[in-house]
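Undergrad: Please work out how this folds:
(2 chains)
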Amino acid sequence: MSKTLKINKNPEQGVIDFLSFLLENKKIKGVFSLKKIDKEGSVAYSLITSQKDLEDAVPFYPLMPVNAGKLLSRFTLNGPPADLVAAVVKPCELRGFVELIKREQGSLDNLLIISSTCNGVYPTKLGLDKTVEKNLSKYWTAAKKGEILEEVRPVCKSCEEFVPYNADITVDIVGNNDLDKQCLMCLNSKKAEELSKGMKGDFSDKQIDSKKIDKIREKRGAEKKKLFNEIEKKMNGIEGLIDIFGKCISCHGCSKVCPICYCVLCEFESSDSDYKPSNYEAELKIKPGVRVPQGTLYYHLGRLSHIGISCVACGACDDVCPVDIPVSMIFKKVGESVQKMFDYIPGKNLEEKIPLITFEKEEFSEYED
Amino acid sequence: MSNLKGAIVSAKSGTEKTIIDILRKAMDKGVFDAVMVPMKVPAGDAFAYVLVKDKNLLTDASVLPPTMFVQGAKAVSSITRLGKGKMKIAAVMRPCEARATIEIAKLGQVDLENMIIISIDCPGVLPSSDFLKNPEKKIKQFYEAANKMDDTIMRPVCQICDKSSMISGDIHIGTLGAKKDTFFMISNTKKGEKIAESLGINLKDNLDNWQNKVKTISEEKHKKRKKAHKELKAKIGGINNLVETFSHCINCHNCMRVCPVCICRLCYFDSDKVKHPSDDYLDRAKSKGSIRFLPDTTLFHIGRMMHMSVSCVSCGACEDACSMSIPVAQIFSMISDETQGLFNYVSGRSLEEPIPIVTYKEEELHQVEDENE
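TA: Next comes the predicted model:
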């Protein structure tokens, strides 16, 4: 049975104290966490090496300006750090990171991953006018009760994967009644247990109450059903998709912020996707007109087929879309249906291969002629 | 403006309809084989460029749409970047789109040989986020505002645009200074003249009314632009303010990808050059206590300014695409006025003017030399 460390402070302060202890005792070289970066209270992921700067860290702030999985991939792309670095990330960010590692885009080596049960994040835009800052107490009250907040990202409201996989430490947040005064850290790995030796707090065998988690998951599931129904009605065949994606300006921001889309040069920006004048001429022989640049819907369908199997439904794509297309709900819906076919949960198990690169002699016989 | 020739065209059925009729007639006569023109998408919540071969489809064209979802130069480039085709294509767009088209033709991204660029006096465009709040209502509002020459609901850079009637393409439609139920059709190139000729349009009318009105408006807007830039400079000038301004940037690089003159397939700032070993990042963090991760957010914007501000047309596409509401276009319009001013260059003004970055002069920019040397 793994151990649990209880610190008598709220989770955010408890984790900062713990990280400060690790830094002070030179057990880690740095911390990767959300941090306030200016007087205005803007929040961004930061790499922190001094205890003083750590005071401005806000490890569980309900915003995800960039998916941290993408950032940890960038951090470790050219090899892991020489010494241990602690990273505080959200469960879907960690899942995204694990999917990227499976694609050889990073490594968990020399990282101490701290995550928590997650009550969702607000759309990043709401961080601009201090809406998030003003709603923090409301957010934490809802987290304490395990309630779904109306204002968080739609994919968060309907997220059933709010308990992290592969974290060295899991902080008990959602549905934790003593949230104001208690930071309960489940030490899931030997590494975590070793590092926490000497830290002030109560060690016990107490675990996160799984019944409580199941109940919250049920609520989220009901919300998901509702949101899936809504989006399904809109998607409704090729015409529905054209209606949804018709306003796309082809900025491809959704792919740039996606933790799974890692290609340096996307297929849809490569010369493979360039149209020669003769291609346009050929199309115009059979159609009265073609949209230029071409391939607006094709891009999204292509991206769905490229990354749907690994989509962690973090919602970063929604946030970046300048024309408010509900990208993430479509990707969550289609992604989950593909994932179900392969009995695959993206980011759950590092050893489990991505279905796209595995071959089984007997599968999908239902699609055979 | 000495090469300009014009005709006053009767437009009893309305400017837009008359333009479409002319386009249709030109297709009939084989003056051009296809038209690239904005059109409302099926859902009615956006306007997209469509390359039209069937002239009946032109009925749905919107020659002066309320928004600019994709910059026209990007659309033209997608058709002709790999060379000219067999079709002669007329592209109808706003002046800043026409200028960007000319600018990137100089960068080898557009083949103009079989293209005819037609521009129209521009009242500005609505910010797309604003438009999307209620497309139907906003379309109405846009045309009402355009008729009254009211630019207050347009993109911030449209409100300070002093080149909204600048002609850089082949043909321009001038609505300013025109008498009721008419507009000016103005040719800027031999190609444009020939087209007017073959359509039986006699380019012999006096353009004074249009030119005077354009002069008044551009001077007015120029003053407004200077004032706005001065105010902006006070707000964002200096490295601290600049870092603060870009602090919300999430590195999505949307601004770069929708920019008509950012033509690189793989941006330097997305390349392996900016991907460093983890310990390098840690060393940087150590020297300051902490660094933002990813670092170099402001560097990206400054780098982009260096790469393209001399070619920036102030269209505002970047600001529209920014999901974090950073006033990118306003900042770039200010910087580009200065960098282009240094070289007495106006992006896309003329195909013949070489881009300063590719020219070399022995005597220039003494003002940035070290006085002690």
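
Undergrad: Only C-alpha atoms from now on, for both contacts and neighbour counts.
TA: Fine.

Undergrad: Which helix runs longest in the chain?
TA: Here I'm looking at chain A. helix A:210-235 (DSSP state H).

Undergrad: you looked at the wrong chain, it should be chain B
TA: Per DSSP H, chain B has its longest helix at helix B:208-236.

Undergrad: pretty sure residue B:285 is touching residue A:47, no?
TA: Yes: taking contacts as C-alpha atoms under 8 Å, residue B:285 lies within contact range of residue A:47: 6.2 Å.

Undergrad: what do these two both touch?
TA: residue B:291 (C-alpha atoms under 8 Å, 6 or more residues apart in numbering or on different chains).

Undergrad: And the helix or strand just after the longest helix of chain B, what's buried?
TA: Moving toward the C-terminus from helix B:208-236, the next helix or strand (DSSP states H and E) is helix B:239-245. Within helix B:239-245, the residues that count as buried by 16 or more other C-alpha atoms under 10 Å in any protein chain shown are B:242, B:243, B:244, B:245.

Undergrad: Which helix or which strand is home to the spatially most central residue of chain B?
TA: In chain B, the residue lying closest to the centroid (C-alpha atoms, centre = their mean) is residue B:96, at 3.0 Å. Per DSSP H and E: residue B:96 is located in helix B:95-106.

Undergrad: Which pLDDT value belongs to residue A:130?
TA: In this model, residue A:130 is scored at 89, pLDDT.

Undergrad: And for residue B:109?
TA: pLDDT for residue B:109: 97.

Undergrad: what number of residues lie near it?
TA: 23 (other C-alpha atoms under 10 Å in any protein chain shown).

Undergrad: need the contact list for it.
TA: Contacts here follow C-alpha under 8 Å, 6+ apart; on that basis residue B:109 touches B:77, B:80, B:81, B:263.

Undergrad: Does it lie in a helix or a strand, and which?
TA: Using DSSP H and E, residue B:109 falls within no helix or strand.

Undergrad: next one: the one 10 residues further on
TA: Secondary structure here is read from DSSP H and E; on that basis residue B:119 sits in strand B:115-120.

Undergrad: Could you do residue A:333 as well?
TA: In this assignment (DSSP H and E), residue A:333 forms part of helix A:327-341.

Undergrad: Touching that helix from outside, list them.
TA: The contact list for helix A:327-341, computed with C-alpha under 8 Å, 6+ apart, reads A:154-155, A:227-228, A:231, A:254, A:304, A:307-318, A:345-346.

Undergrad: what does stretch A:241-250 give?
TA: Contact partners of stretch A:241-250, identified using C-alpha under 8 Å, 6+ apart, comprise A:234-235, A:296-297, A:323, A:325, B:41-43, B:45-48, B:69-70, B:258.

Undergrad: Select, from those residues, the two members most distant in space.
TA: The largest separation in those, counting by C-alpha to C-alpha, is between A:234 and B:258 at 27.3 Å.

Undergrad: does chain B sit close to the longest helix of chain A?
TA: No: for helix A:210-235 and chain B, the contact criterion (C-alpha under 8 Å from any C-alpha of the partner chain) is not met; the two come no nearer than 11.6 Å.

Undergrad: same question, stretch A:264-284
TA: Yes: using C-alpha under 8 Å from any C-alpha, stretch A:264-284 reaches chain B at A:264, A:265, A:269, A:270, A:274, A:275, A:276, A:277, A:278, A:280, A:281, A:284.

Undergrad: Sitting in helices, which of the residues you listed do you find?
TA: Mapping the residues of stretch A:264-284 next to chain B onto helices (DSSP H) picks out A:277, A:278, A:280, A:281, A:284.

Undergrad: Go through these and say which is closest to residue B:276.
TA: Nearest member of those to residue B:276, counting by C-alpha to C-alpha, is residue A:277, at 39.9 Å.

Undergrad: what about the closest one, how many neighbours?
TA: Counted with other C-alpha under 10 Å, residues neighbouring residue A:277 total 18.

Undergrad: which one is it nearest to, not counting chain neighbours?
TA: residue B:85 (4.8 Å; C-alpha to C-alpha, 6 or more residues apart in numbering or on different chains).

Undergrad: so where do the helices sit in chain B?
TA: For chain B, the helices defined by DSSP H occupy B:15-28, B:72-80, B:95-106, B:128-131, B:135-147, B:156-159, B:190-198, B:208-236, B:239-245, B:254-258, B:278-288, B:297-308, B:317-321, B:328-342.

Undergrad: So which of these is nearest residue B:353?
TA: Residue B:353 lies closest, by C-alpha to C-alpha, to one member of these: helix B:95-106, at 9.0 Å.

Undergrad: Contacts made by that closest one with the rest, please.
TA: With C-alpha under 8 Å, 6+ apart, helix B:95-106 has contacts from B:71-74, B:76-77, B:110-112, B:117-122, B:163-169, B:260-261, B:263, B:311-315, B:347-351, B:354-355.

Undergrad: Which of these fall within strands?
TA: Counting by DSSP state E, those place B:117, B:118, B:119, B:120 in strands.

Undergrad: Does the last one touch residue B:170 like I think?
TA: Spelled out, it's residue B:120. No: if you go by C-alpha under 8 Å, residue B:120 and residue B:170 don't touch, sitting 11.3 Å apart.

Undergrad: So for these two, which residue has more residues nearby?
TA: Taking other C-alpha under 10 Å, residue B:120 and residue B:170 do not tie; residue B:120 has more neighbours (25 against 21).

Undergrad: what's across from that one in the sheet?
TA: Counting by DSSP bridges, residue B:120 is bridged to residue B:173.

Undergrad: ok, so what distance separates it from residue A:173?
TA: Distance, residue B:120 to residue A:173, using C-alpha to C-alpha, to the nearest Å: 58 Å.

Undergrad: what about the chain, any weak spots by pLDDT?
TA: As the question left the chain open, I've gone with chain A. A:1 (pLDDT under 70).

Undergrad: was after chain B, sorry
TA: Along chain B, segments meeting pLDDT under 70 span B:1-2, B:372-373.

Undergrad: filter the contacts of stretch A:241-250 to the buried ones?
TA: Neighbour-count burial (16+ other C-alpha under 10 Å) applied to the contacts of stretch A:241-250 gives A:235, A:296-297, A:323, A:325, B:41, B:45-48, B:69-70, B:258.

Undergrad: Take the residues you listed and keep only those in strands.
TA: If you go by DSSP E, the buried ones among the contacts of stretch A:241-250 have B:47, B:48 in strands.

Undergrad: Of the buried ones among the contacts of stretch A:241-250, just say which sits nearest to residue A:127.
TA: Nearest to residue A:127 out of those is residue A:323 (C-alpha to C-alpha; 18.7 Å).

Undergrad: Might one say that the closest one is in contact with residue B:128?
TA: Yes: with contact defined as C-alpha under 8 Å, residue A:323 reaches residue B:128; the gap is 7.1 Å.

Undergrad: List the contacts of the nearest residue to residue A:212 once chain neighbours are set aside.
TA: Using C-alpha to C-alpha, 6+ apart and skipping the chain neighbours, the partner closest in space to residue A:212 is residue A:175 (6.9 Å). Applying C-alpha under 8 Å, 6+ apart to residue A:175 gives the contacts A:143, A:144, A:145, A:146, A:147, A:212, A:213, A:216.

Undergrad: what's the burial count for the second one?
TA: Think residue A:144. 19.

Undergrad: likewise residue B:358?
TA: Residue B:358, neighbours per other C-alpha under 10 Å, totals 7.

Undergrad: domain parsing for chain B?
TA: B:5-226, B:228-368 (automatic domain parsing).

Undergrad: Point out the most buried one among these.
TA: Compared across those, domain B:5-226 shows the largest average neighbour count, a mean of 20 (mean count of other C-alpha atoms under 10 Å in any protein chain shown).

Undergrad: Was I right to think the residue nearest to residue A:277 contacts residue A:282?
TA: No: using C-alpha under 8 Å, residue B:85 is not in contact with residue A:282, being 11.1 Å away.

Undergrad: re the thing from before, in CSV, list the helices of chain B along with distance to residue A:80.
TA: Converted to CSV, the helices of chain B look like this (distance: least, C-alpha to C-alpha, whole Å):
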stretch, distance to residue A:80
helix B:15-28, 61
helix B:72-80, 40
helix B:95-106, 42
helix B:128-131, 41
helix B:135-147, 49
helix B:156-159, 45
helix B:190-198, 61
helix B:208-236, 38
helix B:239-245, 29
helix B:254-258, 29
helix B:278-288, 6
helix B:297-308, 23
helix B:317-321, 35
helix B:328-342, 35
